[in-house]
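Undergrad: got a sequence here, can you build the structure:
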Amino acid sequence: MSNAASCYHRHRFPIEIISHAVWLYYRFCLSFRDVEDLLAERGIVVTHETIRQWCRKFGPDYARKLRRRQGRLGDTWHLDELFVSIQGRRHYLWRAVDQDGDAIDILVQRHRHAHAAKRFFRKLLKGQRTEPWRLVTDKLRSYGAAHRDVMPSVVHDTRRYANNRAEVSHQPTRQRERQMRRFKSAAHAQHFLSVHGLVRNLFNPSRHRLRAGNYRLLRGRAFAVWCEVVAA
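TA: Numbers count the residues shown, from 1 in each chain. You can find the predicted model right below:
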């Protein structure tokens, strides 16, 4: 049995339906019940709980394959942290994006002190396997401490407004947080946002900068990559 067949073994629905449901959930601001209704309109009767299990099982697997395909991203890293309330306790979502706005990685932690910043820096270096040329952050002292300890040779930019790209990247997270009525746990937030970021990278080619023909070409390539990933 092939790897793809073994992953979907004993599932009643074919790969095309499962992967399409997972794509809908992570690509658009939809709930599991919304995806259930969209499939029902096509004559596919499946419960929202089944869709939730599909996303939980196949989402991380798709994300790992997408991460391997995208390789290294840009050489300018914009870092910022966003507070999220989880079960009444404040957590911090650390996010890094490159100069093109593509998400490099995220990490949900309870704190934003120097130790938390160093942990995030090391996670970034492990994933990208190389240091950036420039690091852009706000003036939080934790970033300075982590920069001196983990990657002191990298240019560190803390100018005002220089990090607007990272701050804007939080907007889709806030939208999904409202749609989901907040994250249920830190693990839930880490799981969902890791997959969401990679799917967004693939299907968000800065449309406002492209001619219509070029955009359609890139969108077609994105769908081709997605089909290869879900069937691999």
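
Undergrad: show me where the chain dips below the pLDDT cut-off.
TA: 1-5, 207-208, 232 (pLDDT under 70).

Undergrad: what about the helices in it?
TA: Secondary structure of the chain by DSSP state H: the helices cover 3-7, 15-27, 32-41, 48-70, 114-128, 141-150, 164-168, 171-179, 186-203, 212-231.

Undergrad: can you lay out those as CSV showing mean neighbour count?
TA: C-betas here are computed from N, CA, C, even on glycine. CSV is the format used below for the helices of the chain (neighbours: other CB atoms under 10 Å):
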stretch, mean neighbour count
helix 3-7, 11
helix 15-27, 19
helix 32-41, 16
helix 48-70, 17
helix 114-128, 18
helix 141-150, 17
helix 164-168, 15
helix 171-179, 14
helix 186-203, 20
helix 212-231, 14
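
Undergrad: quick one, which of those gets closest to V97.
TA: Judged by CB to CB, the one of the helices of the chain that comes nearest to V97 is helix 164-168, at 5.6 Å.

Undergrad: if you count contacts, what does that closest one end up packed against?
TA: Applying 3 or more CB pairs under 8 Å, 6 or more residues apart in numbering; DSSP states H and E, one finds that helix 164-168 contacts strand 76-86, strand 89-97.

Undergrad: want to try a markdown table for those strands, with distance to L38 and mean neighbour count as columns?
TA: Formatted as a markdown table, those follow (distance: least, CB to CB, whole Å; neighbours: other CB atoms under 10 Å):
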| stretch | distance to L38 | mean neighbour count |
| --- | --- | --- |
| strand 76-86 | 27 | 20 |
| strand 89-97 | 28 | 20 |
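
Undergrad: any chance of TSV for these, columns distance to F120?
TA: Output for the helices and strands packed on helix 164-168, formatted as TSV (distance: least, CB to CB, whole Å):
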stretch	distance to F120
strand 76-86	8
strand 89-97	4
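
Undergrad: so which of the ones you listed is nearest R181?
TA: Of the helices and strands packed on helix 164-168, nearest to R181 by CB to CB is strand 76-86, at 11.2 Å.

Undergrad: which residues sit in contact with E228?
TA: Listed by CB atoms under 8 Å, 6 or more residues apart in numbering, E228 has no contact partners.

Undergrad: distance of it from T158?
TA: Going from E228 to T158 by CB to CB, to the nearest Å gives 41 Å.

Undergrad: list the residues that contact R33.
TA: H48.

Undergrad: then K184?
TA: I86, Q87.

Undergrad: do you know which of the helices and strands packed on helix 164-168 lies nearest E177?
TA: For E177, the closest of those is strand 76-86, at 6.5 Å, according to CB to CB.

Undergrad: what's that closest one packed up against?
TA: Packing partners of strand 76-86 (3+ CB pairs under 8 Å, 6+ apart): strand 89-97, strand 134-136, helix 164-168, helix 171-179, helix 186-203.

Undergrad: and the contacts of the last one?
TA: Counting by CB under 8 Å, 6+ apart, helix 186-203 makes contact with 23, 26-27, 55-56, 59-60, 62-63, 66-67, 70, 84, 86, 91, 93, 102-103, 105-110, 172-173, 176, 180, 183, 219, 222, 225-226, all of which sit outside it.
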